[in-house]
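Sequence first, then the predicted structure:
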Amino acid sequence: MPTVLTIKSHVELQNATGEIVQKRPLRKHKHALGTSLACLQDQVLGVHDPEIQEIRRTGLGDFTHEFLLCDVDGDWVVLESEDIVQARGFLQIKVLLRLNITFPRGDELF
């Protein structure tokens, strides 16, 4: 059984309706097995920090992020701890940045 996971990850920015605004290139890196989900998430964020900071500087607005895993069916699902344990040496991860919706105050509607 491998002791290191190969990670392929990329950053994708979506607007509030789920349309892709930007998709950044895939990056390949390694991660030691046996570490926590939080540790893996920190590593992936570190790999993509320059891209995320560049997106922040564009001034598109605030965003939330989540980590998605490409499962065996090719669907993007929320990355969970079990996915690291059950991995067979490879994971494909998307850091999804979703622009926050800003609702106008009541007095701004009219």
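Noted; the coordinates are in hand.

quick one: contacts for the nearest residue to F67 once chain neighbours are set aside?
Closest residue in space to F67, ignoring its immediate chain neighbours: L79 at 4.1 Å, by Cβ to Cβ, 6 or more residues apart in numbering. Where C-beta positions appear, they are placed from N, C-alpha and C, glycine not excepted. Going by Cβ atoms under 8 Å, 6 or more residues apart in numbering, L79 touches L37, L40, Q41, F67, L68, L69, I93.

Just the buried subset of those, written out for PyMOL, thanks.
Provided next is the PyMOL selection string for whichever of the contacts of L79 are buried by 16 or more other Cβ atoms under 10 Å:
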select buried, resi 40+41+67+68+69+93
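
how about the contacts of L79 in JSON lines, adding distance to L26, pLDDT and secondary structure?
What follows is the contacts of L79, written out as JSON lines (distance: Cβ to Cβ, whole Å; pLDDT from 0 to 100; DSSP: H, G, I helix; E, B strand; the rest coil):
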{"residue": "L37", "distance to L26": "21", "pLDDT": "92", "secondary structure": "helix"}
{"residue": "L40", "distance to L26": "17", "pLDDT": "93", "secondary structure": "helix"}
{"residue": "Q41", "distance to L26": "17", "pLDDT": "95", "secondary structure": "helix"}
{"residue": "F67", "distance to L26": "15", "pLDDT": "98", "secondary structure": "strand"}
{"residue": "L68", "distance to L26": "14", "pLDDT": "98", "secondary structure": "strand"}
{"residue": "L69", "distance to L26": "14", "pLDDT": "97", "secondary structure": "strand"}
{"residue": "I93", "distance to L26": "10", "pLDDT": "97", "secondary structure": "strand"}
